[in-house]
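1. I'll drop the sequence and a predicted model, then ask my questions.
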Amino acid sequence: MGCNNVIRKMSSSSSHVDNGSIAHHLPSIPSVSSFLQVVHRHRISPWPAVSMEEAMTSIENSMPEGRCKFIPATLAKPGHVLVSQVVARSNVPEYHTSTKDGYAVIAADPSPTRRVVGVQVAAPTTPDAHTLQLGECIRVCTGSILPHGADAVVMVENTILVQHDGNEEGVIEVKTTVKKGQDVRLPGADIKEGDVLLEAGTVLGPAEIGILASNARRDIEVYRRPRVCVMSTGNEILDCTMDEQLCPGQVRDSNRPQLMALFRSRGFKPIDAGIVPDTREHLLGGLITAFRYSSVVVTTGGVSMGEKDLMKEVLEKDLKFKIHFGRVWMKPGLPATFATGMVDDLPCAVFALPGNPVSSFVCAELFAVPALRKMGGYLKPHHTLIKVTLANSLKLDSRPEYARAILREPSASSASSSSSDSSSTVFLPTAYTTGTQCSSRLLSMAGGNLLLRLPARSSECTELPAGTVIDALVVGAL
Ligand SMILES: Nc1nc2c(c(=O)[nH]1)N[C@H]1C(S)=C(S)[C@@H](COP(=O)(O)OP(=O)(O)OC[C@H]3O[C@@H](n4cnc5c(N)ncnc54)[C@H](O)[C@@H]3O)O[C@H]1N2
Ligand code: MOO
């Protein structure tokens with residue numbers, strides 16, 4: 001796209017949609033001039049800045065329900081959540097089995113040597129009809145079913161081959177004393193029929209998928225991993241794959257790839273809803289198209305006070321969605337917006353996040369990730385909260401702030417301020433903030449695995465000194 005073209009578009013406040021695929025889906029819209037004229041815009045935001053707690057509660061109460069499906073254990077993915085309890089259908093193992101490669105014997109057998117009268121390998125087999133007698137043994141492998149009459153296994157290392165025909169073992173001598181039950185795994189030793197293997201609400205990981213597979217599961221009911229459309233908005237935004245010189249005012253789209261990666265890394269299915277220009281028609285068309293793919297859409301940009309910040313208008317007036325909050329008293333992310341409504345008779349939700357790259361990322365992490373986790377069946381959808389020690393002093397903002405930080409190795413920190421026992425010393429990990437915490441500075445996210453919960457500034461406290469113990473949300477691998 002040439003620069004002239006972009007500038008023309010940016011200056012055209014009432015340009016109509018010329019893209020057939022989006023225009024195709026548009027419902028009729030009242031005259032855009034009715035509220036796009038800059039003289040009519042709000043001069044003070046009509047949206048009260050709600051507290052973080054209020055924002056989280058309205059999300060929790062208003063998100064669409066998650067959906068469920070049946071899958072075989074082999075299709076279970078890390079992050080799937082079980083809808084119902086899974087009970088063991090059979091014992092594991094089902095039979096007495098050997099836990100060693102060696103010989104199945106009778107423990108109390110006083111014979112000085114034992115004839116090798118058969119072989120029982122670990123393979124699909126019916127246990128040998130022969131019942132072991134005194135003076136006999138049967139060669140077994142790890143996992144072999146124990147032959148009838150045997151009650152112990154002797155490891156091959158603890159035997160001497162006394163007689164053979166050059167091909168097959170004939171007689172062995174056991175060098176050690178043998179205890180009844182040694183190296184024998186009893187039926188149900190690992191899992192008993194009827195045992196609860198996994199509770200409802202279990203988040204599946206590799207171990208849980210293995211457990212399901214070990215019990216021959218073909219009908220696991222799980223929550224669908226939520227899909228989420230990610231859309232960037234803004235006339236100035238250019239797809240990052242467009243390898244061209246930026247025109248004055250153009251900005252490469254970092255929000256969309258970043259949020260897609262965030263959602264993917266959390267086990268959801270992100271769908272690319274593209275870049276949508278700042279017109280009511282484009283925004284509405286983009287949203288309606290996105291809702292064909294997913295009931296949750298995350299947008300960035302266009303939610304503040306600018307003349308091109310039309311997202312809230314479109315959500316409320318065109319889509320007829322309910323805006324639960326249009327501002328949150330937090331930093332970064334003040335204009336973060338959450339709305340729900342019906343599209344094609346299905347409940348849908350929009351997280352309309354600020355365009356500033358750090359703001360959109362922090363808000364997606366704080367609002368969208370827990371909401372999607374809840375849709376995906378998580379019983380505990382919120383981030384883990386830990387206590388950390390500040391490595392450096394931090395100035396407080398008028399808004400409660402979520403500062404990006406990196407957790408480093410624990411250091412001894414006196415807990416006397418928070419404990420009545422002044423002699424106690426606790427080892428708390430130390431948090432290092434990631435440089436200037438400006439909401440446009442993406443580098444403040446790099447390597448960050450914590451969001452520090454800094455309180456709002458007050459007349460008594462304007463700065464937290466180094467060494468202060470504060471709450472932090474874990475948002476990355478530690
Ligand atoms: N008069 C006021 N102005 C602003 C207020 C306010 O309360 N009153 N709030 C400020 C705060 S806080 C934030 S945060 C921003 C959010 O504004 P918008 O959501 O309307 O975002 P935009 O104006 O569209 O963009 C802001 C900034 O981010 C860049 N951007 C946007 N999208 C992307 C993207 N996909 N990739 C990379 N960068 C992006 C955009 O170019 C702008 O520079 O509003 C303040 N203003
Ligand atoms: O809240 Mo904005 O995200 O401060 O820049």
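-> Perfect, I can see it now. Ligands and ions are numbered 1, 2, ... in the order given.
2. any low-confidence regions in the chain?
-> Applying pLDDT under 70 to the predicted model, the residue ranges of the chain that meet it are 1-36, 125-128, 410-426.
3. how far away is the nearest residue to residue 141 once chain neighbours are set aside from ligand 2?
-> In this structure, residue 141 finds its nearest non-sequential neighbour in residue 122, 4.7 Å apart by CB to CB, 6 or more residues apart in numbering. Glycine gets a C-beta too; all of them are placed from N, C-alpha and C. Residue 122 sits 61 Å away from ligand 2, taking CB to the nearest ligand atom, to the nearest Å as the criterion.
4. then residue 332?
-> 3 Å.
5. so who does that residue touch?
-> Contact analysis of residue 332 by CB atoms under 8 Å, 6 or more residues apart in numbering lists 354, 356, 358-359, 362-363, 401-402, 439.
6. might you report the residue contacts of residue 115?
-> Residues near residue 115 by CB under 8 Å, 6+ apart: 135-137, 170-171.
7. need the buried ones from those residues selected in ChimeraX.
-> The buried subset of the contacts of residue 115, as determined by 16 or more other CB atoms under 10 Å, is captured in ChimeraX by this line:
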select :135,136,137,171
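8. going by distance to residue 304, which of the contacts of residue 115 wins?
-> Of all the contacts of residue 115, the one with the least separation from residue 304 (CB to CB) is residue 137, at 81.9 Å.
9. pretty sure residue 427 sits in a strand.
-> Yes - checked against DSSP: H, G, I helix; E, B strand; the rest coil, residue 427 lies within a strand.
10. report the closest residue of the stretch 51-200 of the chain relative to ligand 2.
-> Per CB to the nearest ligand atom, residue 52 is where the stretch 51-200 of the chain lies closest to ligand 2, at 12.6 Å.
11. so how far is residue 476 from the residue nearest to that residue when sequence neighbours are not counted?
-> When the adjacent residues along the chain are set aside, residue 52 lies closest to residue 330, with 5.6 Å between them (CB to CB, 6+ apart). For residue 330, the distance to residue 476 (CB to CB, to the nearest Å) stands at 20 Å.
12. between these two, which is the more surrounded one?
-> Residue environment comparison for residue 330 versus residue 476 gives the larger neighbour count to residue 330, 24 against 15, counting by other CB atoms under 10 Å.
13. surely that one meets residue 402?
-> Yes - under the contact definition of CB atoms under 8 Å, residue 330 touches residue 402, with a separation of 6.7 Å.
14. residues in contact with whatever residue of the stretch 1-150 of the chain ends up closest to ligand 2?
-> Among residues of the stretch 1-150 of the chain, the one nearest ligand 2 by CB to the nearest ligand atom turns out to be residue 49. It sits 10.1 Å away. Contacts were defined as CB under 8 Å, 6+ apart; by that measure residue 49 touches 327-329, 334.
15. ok so, going back, in strands only, show me the contacts of residue 115.
-> Cross-referencing the contacts of residue 115 with the strands (criterion: DSSP state E) gives 136-137, 170-171 as the overlap.
16. up against ligand 2, what does the chain have?
-> Those residues of the chain that sit near ligand 2, judged by CB under 6 Å from any ligand atom, are 331-334, 354, 356, 359, 439.
17. ok, now with 8 Å
-> Taking CB under 8 Å from any ligand atom as the criterion, the neighbours of ligand 2 within the chain are 330-336, 354, 356, 358-359, 362-363, 399, 438-440.
18. any of those buried? List them.
-> Listed as buried from the residues of the chain next to ligand 2 are 330-336, 354, 356, 358-359, 362-363, 399, 439; burial here means 16+ other CB under 10 Å.
19. relative to ligand 1, which of the contacts of residue 115 is nearest.
-> Taking these together and measuring to ligand 1 by CB to the nearest ligand atom, the closest member is residue 137, at 73.0 Å.
20. my guess is the closest one meets residue 119, correct?
-> No - checked against CB under 8 Å, the pair residue 137 and residue 119 is beyond contact range at 10.6 Å.
21. list phi and psi for the residue lying closest to residue 157 once chain neighbours are set aside.
-> Nearest residue to residue 157 in three dimensions, chain neighbours excluded: residue 102, at 7.9 Å (CB to CB, 6+ apart). Dihedral pair for residue 102: phi 170, psi -130, per degrees, to the nearest 10.
22. just list the residues touching residue 102, thanks.
-> Residue 102 sits next to 139-140, 153-159, 183 when contact means CB under 8 Å, 6+ apart.
23. what pairs with whichever residue of the stretch 151-300 of the chain sits closest to ligand 2 across the strands?
-> Here the stretch 151-300 of the chain gets closest to ligand 2 at one residue, residue 300, 10.9 Å apart by CB to the nearest ligand atom. Residue 300 forms beta bridges with residue 232, residue 353, as assigned by DSSP bridges.
24. ok, now how distant is residue 471 from ligand 2?
-> Counting by CB to the nearest ligand atom - residue 471 and ligand 2 are separated by 20 Å.
25. residue 451 is in contact with that residue, correct?
-> No - look at residue 471 against residue 451 with CB under 8 Å: they stay out of range, at 9.6 Å.
26. whichever residue of the chain sits closest to ligand 1 - how many residues pack around it?
-> Per CB to the nearest ligand atom, the residue of the chain with the smallest distance to ligand 1 is residue 355, at 2.6 Å. By other CB under 10 Å, 25 other residues sit near residue 355.
27. can you get me a residue count around the closest residue to it other than its chain neighbours?
-> Among residues not flanking residue 355 along the chain, residue 301 sits closest, at 3.2 Å (CB to CB, 6+ apart). One way to gauge burial is a neighbour count; for residue 301, by other CB under 10 Å, it gives 29.
28. and residue 232, by the same measure?
-> Residue 232: 29 surrounding residues under other CB under 10 Å.
29. so it sits against residue 278, correct?
-> No - Residue 232 sits out of contact with residue 278 when judged by CB under 8 Å, with a separation of 11.0 Å.
30. so what's residue 169 up against?
-> Contact criterion CB under 8 Å, 6+ apart gives 116, 139, 161 as the residues in contact with residue 169.
31. the second one touches residue 117, doesn't it?
-> Yep, that's residue 139 we're talking about. No - the pair residue 139 and residue 117 fails to qualify as a contact (CB under 8 Å) at a distance of 9.2 Å.
32. compare the two (neighbour count), which wins?
-> Neighbour comparison, residue 139 and residue 117: the larger count goes to residue 139, with 21 against 15 (by other CB under 10 Å).
33. grab the nearest non-local neighbour of that one.
-> For residue 139, the nearest residue in space outside its immediate sequence neighbours is residue 119; the separation is 4.7 Å by CB to CB, 6+ apart.
34. now do the same contact list for that neighbour.
-> Contact criterion CB under 8 Å, 6+ apart gives 138-140 as the residues in contact with residue 119.
35. okay, and the common contacts of residue 232 and residue 278?
-> Here residue 232 and residue 278 share the contacting residues residue 301, scored by CB under 8 Å, 6+ apart.
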